[in-house]
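**Q** quick one: sequence and predicted model below, then my questions.
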Protein chains: 2
Amino acid sequence: MQIREPIQIEQAVKLVMEHRFQGQKEKLSLVESDERRLAEPIIATNDVPSFDKSPYDGFAFIAKDTEHADGDNPITFEIIEHIGAGVLPDKRIESGQATRIMTGAKIPDGADCVAMLEDCQTFEENGKTYMTIAQQMKKDQNIIETGSEVKEGDVLVEEGALINPGVKAVMATFGYSDVWVAKKPVVGILATGTELLEVDEPLEPGKIRNSNAYMVASQVKRAGGEYIYFGKLADEFEPSLEMIQKALEQVDFLITTGGVSVGDFDLLPDIYKKLRAHVLFNKIAMRPGSVTTVATLDNKLLFGLSGNPSACYVGFELFVRPMIQYNIFNKKPYHIRTKAKMTMDFLKANPFTRFVRTYTTYGKNGDLMVHLAGKDKSNVVSSLAHSTSLMVLPGGTEGYKTGDLVDVLLLNEPEGQEIF
Amino acid sequence: MQIREPIQIEQAVKLVMEHRFQGQKEKLSLVESDERRLAEPIIATNDVPSFDKSPYDGFAFIAKDTEHADGDNPITFEIIEHIGAGVLPDKRIESGQATRIMTGAKIPDGADCVAMLEDCQTFEENGKTYMTIAQQMKKDQNIIETGSEVKEGDVLVEEGALINPGVKAVMATFGYSDVWVAKKPVVGILATGTELLEVDEPLEPGKIRNSNAYMVASQVKRAGGEYIYFGKLADEFEPSLEMIQKALEQVDFLITTGGVSVGDFDLLPDIYKKLRAHVLFNKIAMRPGSVTTVATLDNKLLFGLSGNPSACYVGFELFVRPMIQYNIFNKKPYHIRTKAKMTMDFLKANPFTRFVRTYTTYGKNGDLMVHLAGKDKSNVVSSLAHSTSLMVLPGGTEGYKTGDLVDVLLLNEPEGQEIF
């Protein structure tokens, strides 16, 4: 039987991330690019606005004309033109003249202010239209100047940013009808264990349904990758080896679930050896997930996650997710780790760093509160459904009490952080 | 010109949400169901575990056999069977006998405890294999009992929950190879404005590219809907009316961007009138987005969002998003609204409730901190790209200072809240 030296979790993450690599780029149309990460920055292709424009519906004229205006002395302008947004002004404004202008429209030459529609009154006389205003206007008042928002060449959104509705607005504004995004890395998934039934098979004594493969596939997607499920490994050496070799040809990362315990039916250690994979570690001082194994082979990573659903889940979020996030150009590949106030007691001692399935809420002052997502038996699948965070209780600590501040990893948060 | 009475934002949200309705269900395969919302609860179809099982690799035997065991007095058992996970035990354990058992395997009849592999030593003698243990074991020690985690019939995940990796694990465990999820409502999008160029057209003086349609389409997807973009409305009445009537036949909700100002080129008020749509409100005491108009026609909602990108963005998140979220069975359809600490001064007075584009981070103790996403000019598109929250400054307040606690709406948070 193999002897295993557990390493510290920080060390394990570091060892894995030493093998990080950035993936390929691909060009997508703007409409297909939601929730992908930018492989190139978005740069302003023109000034914004690209002309002096009006923020309001109203009238453009020369501000100086109103220098003596007040309630008793309204100033009258002849309206020489009506311009809608998108229509260019034809006529140059001279003193005593005004142009009716729409929100977003270009300021006519000569004009240097815009009065809001509700501050003006209009009338007709002898076939001409006029406007009066009873207040003083200042030069440049209500004029949005060319380039006042954005200068051509400005970096507007950084490489690696997640494409959200606001990023799409920026891309559309600057004519990015297509965009370079990070290509999704391909993650292979293999389940091990003769006790596993497929999801549509009836339950049999001694067997359980294969939930890890579906869970991990969903984690891969959430992390920004795409997956190939290769099915279940046999419990025999040769066909398993062959299956893993074939899978490795098609993927950037390979995840196996189960088969990493110290038990005699666990094939993976032997397969790693035969493949001449370099095992980075095969035991970590953490719960759950202590038997997580990570190995490298050529430029590929093999993640041997535990067959226990919670351990598998935690192992993925700690080791696989940051690799995928780095691969898709995120410069902050790790889950945000912050403090939260405990809303319950957790009195178990923690000989090893413990990751507890939890969810967070916001307290009265916006302070993060952490709640147990369910019973903390490592085999309880159902609490994973309600987990939006992992509470991190450091190894060597005694229990924690309501009100204590503890670390949490935020699983739903699309933004990450630079260090683990 | 139309006279408009601004209503309060809370009242506006309430008026819209009085017209909420739940959408249809559809059945999806488990693998396709990520990020959708459950239209039916997930119920346990069996006890978990469905048999007494072992949490460890080790040996199963009768605990009472070890009552006199200690370091000086190891107890020896004959190993009568080896069982892997998924393999059923054949033999009943009697006193003095043990079964080699794998993690997750069924406990053999007769046995009432499992000793961990590392606590036992094995040897062979006369062709038989034996195991010795030098410590006392208790009845039921290291046995996970049938139904101890989940009882058949338990509601495991509630209707309306978002399908995340943990929910998928639960569904797979209980044999849900397909699942009823909320059907995505169809949201029509129409842009208005002759000043709009399509994204792939070169910039012309007086014109801007149509960014709102792409932004809103992305907001629809983020909110859980699917969209149809019907293109740009003409600036003439009859073809516009026809286009809107056609669009209404194909959608659950219809969004128009622009065309809702008080200006003379704005067609929508007349179109609403001709359609006999019931206008819920056409002015709101808020910035940006004061000219947001919402109307109902038969069972459909028409959202007339501002043509200004920020106002359009805010109007969507306040009014359209909760309608979509309710439609897809989320019982907490509103954005989470919590407190955050200001990291900057914001000294402008707020005559009306103001929504400021911001992002949040976590402070040293897990308290939410709010930062400006960019300049707060209402036309600055680029800051929308960095917004993950909207800071809410109530109407009638003076400026705010660094360290003040203010309300924020969290835009990235998939969980919501029950009240606005």
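**A** Arrived safely. Residues are numbered from 1 along each chain as shown, chains lettered A, B, ... in the order given.
**Q** which residues does A:Leu28 contact?
**A** A:Leu28 makes contact with A:36, A:178-179, A:181, according to CB atoms under 8 Å, 6 or more residues apart in numbering or on different chains. From N, CA and C alone the C-beta is placed, and that goes for glycine too.
**Q** any idea how far the residue located most distally from the centre of chain A lies from chain B?
**A** When distances are taken from the C-alpha mean of chain A, A:Asn126 lies farthest, 62.8 Å away, according to CA atoms, centre = their mean. Distance from A:Asn126 to chain B, counting by CB to the nearest CB, to the nearest Å: 22 Å.
**Q** now A:Glu5. Nearest residue, chain neighbours left out?
**A** A:Lys283 (6.6 Å; CB to CB, 6 or more residues apart in numbering or on different chains).
**Q** contacts only, for that neighbour.
**A** Applying CB under 8 Å, 6+ apart to A:Lys283 gives the contacts A:4-7, A:290-291.
**Q** change it to 7 Å
**A** A:4-6, A:290-291 (CB atoms under 7 Å, 6 or more residues apart in numbering or on different chains).
**Q** and A:Lys128, how many neighbours?
**A** For A:Lys128, the neighbour count with other CB atoms under 10 Å in any protein chain shown is 10.
**Q** right, and it touches A:Glu78 too?
**A** Yes - using CB atoms under 7 Å, A:Lys128 is in contact with A:Glu78, at 6.1 Å.
**Q** so what's the residue count around the closest residue to chain B within the stretch 101-250 of chain A?
**A** Distances between the stretch 101-250 of chain A and chain B by CB to the nearest CB are smallest at A:Glu195, namely 2.4 Å. Neighbour count for A:Glu195, taken as other CB under 10 Å: 25.
**Q** check A:Lys332 too.
**A** By other CB under 10 Å, neighbour count at A:Lys332 equals 15.
**Q** apart from its chain neighbours, what residue comes closest to the residue of the stretch 101-250 of chain A closest to chain B?
**A** That would be B:Gly86: by CB to CB, 6+ apart, it lies 2.4 Å from A:Glu195.
**Q** the one you found: what's it in contact with?
**A** Counted by CB under 7 Å, 6+ apart, B:Gly86 has contacts A:193-196, A:206-207.
**Q** give me the subset of these lying in strands.
**A** A:Leu196 (DSSP state E).
**Q** between the contacts of B:Gly86, which sits nearest B:Gln245?
**A** Distance to B:Gln245, by CB to CB, is smallest for A:Leu196 among those, at 55.2 Å.
**Q** pretty sure the closest one is in contact with A:Asn210, am I right?
**A** Yes - judged on CB under 7 Å, A:Leu196 makes contact with A:Asn210 at a distance of 4.1 Å.
**Q** the residue nearest to A:Glu195 falls within a strand, correct?
**A** No - with DSSP: H, G, I helix; E, B strand; the rest coil as the criterion, B:Gly86 is assigned coil and is not in a strand.
**Q** what's the per-residue pLDDT of it here?
**A** What the model reports as pLDDT for B:Gly86 is 73.
**Q** shaky segments in chain A?
**A** Along chain A, segments meeting pLDDT under 70 span A:1-3, A:260-266, A:375-381.
**Q** what are the phi and psi angles of A:Phe316?
**A** Here is the backbone geometry of A:Phe316 (degrees, to the nearest 10): phi -60, psi -50.
**Q** name the SS class of the nearest residue to it once chain neighbours are set aside, please.
**A** In space, and not counting its chain neighbours, A:Phe316 is closest to A:Gln219: 4.8 Å by CB to CB, 6+ apart. When classified by three-state DSSP, A:Gln219 comes out as helix.
**Q** what's the burial count for A:Gln219?
**A** Counted with other CB under 10 Å, A:Gln219 comes out at 31.
**Q** so it sits against B:Pro165, correct?
**A** Yes - judged on CB under 7 Å, A:Gln219 makes contact with B:Pro165 at a distance of 4.5 Å.
**Q** beta partners of A:Met286?
**A** Beta-bridge partners recorded for A:Met286 (DSSP bridges): A:Thr353.
**Q** that one and chain B, how far apart?
**A** In this view, A:Met286 and chain B are 17 Å apart by CB to the nearest CB.
**Q** and that residue, how many neighbours?
**A** 24.
**Q** A:Thr122 now?
**A** 15.
**Q** which residues in the stretch 151-300 of chain A form strands?
**A** Under the criterion DSSP state E, counting those that start in this stretch, the stretch 151-300 of chain A contains strands at A:155-157, A:178-182, A:186-191, A:196-197, A:208-209, A:226-232, A:253-257, A:278-281, A:286-287, A:293-297, A:300-305.
**Q** can you lay out these as a markdown table showing distance to A:Met215?
**A** Below are the strands of the stretch 151-300 of chain A laid out as a markdown table (distance: least, CB to CB, whole Å):
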| stretch | distance to A:Met215 |
| --- | --- |
| strand A:155-157 | 33 |
| strand A:178-182 | 24 |
| strand A:186-191 | 10 |
| strand A:196-197 | 13 |
| strand A:208-209 | 11 |
| strand A:226-232 | 11 |
| strand A:253-257 | 9 |
| strand A:278-281 | 23 |
| strand A:286-287 | 19 |
| strand A:293-297 | 18 |
| strand A:300-305 | 10 |
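**Q** nearest to B:Val186, of those strands?
**A** Nearest to B:Val186, of the strands of the stretch 151-300 of chain A and by CB to CB, is strand A:178-182 at 25.4 Å.
**Q** what residues does the stretch 1-150 of chain A put near chain B?
**A** With CB under 7 Å from any CB of the partner chain as the criterion, the stretch 1-150 of chain A meets chain B at residues A:30-31, A:34, A:46, A:50-51, A:55, A:57, A:84-88, A:102-106, A:117, A:144, A:149-150.
**Q** ok, which stretches of the stretch 301-420 of chain A are strands?
**A** A:334-342, A:353-362, A:368-372, A:389-393, A:405-410, A:416-417.
**Q** now those strands in JSON lines, with distance to A:Gln11 and mean neighbour count?
**A** Shown next, in JSON lines, are these (distance: least, CB to CB, whole Å; neighbours: other CB atoms under 10 Å in any protein chain shown):
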{"stretch": "strand A:334-342", "distance to A:Gln11": "15", "mean neighbour count": "21"}
{"stretch": "strand A:353-362", "distance to A:Gln11": "11", "mean neighbour count": "23"}
{"stretch": "strand A:368-372", "distance to A:Gln11": "26", "mean neighbour count": "21"}
{"stretch": "strand A:389-393", "distance to A:Gln11": "15", "mean neighbour count": "23"}
{"stretch": "strand A:405-410", "distance to A:Gln11": "17", "mean neighbour count": "21"}
{"stretch": "strand A:416-417", "distance to A:Gln11": "19", "mean neighbour count": "18"}
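**Q** need these in a markdown table (columns: distance to B:Arg321).
**A** Below are the strands of the stretch 301-420 of chain A laid out as a markdown table (distance: least, CB to CB, whole Å):
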| stretch | distance to B:Arg321 |
| --- | --- |
| strand A:334-342 | 23 |
| strand A:353-362 | 19 |
| strand A:368-372 | 23 |
| strand A:389-393 | 24 |
| strand A:405-410 | 22 |
| strand A:416-417 | 24 |
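**Q** so for B:Thr256, which of those strands sits nearest?
**A** strand A:353-362 (34.5 Å).
**Q** what comes into contact with that closest one?
**A** With CB under 7 Å, 6+ apart as the criterion, strand A:353-362 contacts A:9, A:285-288, A:310, A:314, A:340, A:346, A:368-374, A:376, A:383-384, A:386-395, A:408, A:410, B:336, B:338, B:368.
**Q** redo that, cut-off 6 Å
**A** Defining contact as CB atoms under 6 Å, 6 or more residues apart in numbering or on different chains, one finds that strand A:353-362 is touched by A:9, A:286-287, A:314, A:340, A:368-373, A:376, A:383, A:386-391, A:393-395, B:338.
**Q** would you indicate which residues of stretch A:412-420 are buried?
**A** Across stretch A:412-420, burial judged by 16 or more other CB atoms under 10 Å in any protein chain shown covers A:412-417, A:420.
**Q** what residue in the stretch 251-400 of chain A comes nearest to chain B?
**A** Counting by CB to the nearest CB, the stretch 251-400 of chain A gets nearest chain B through A:Leu384, at 3.2 Å.
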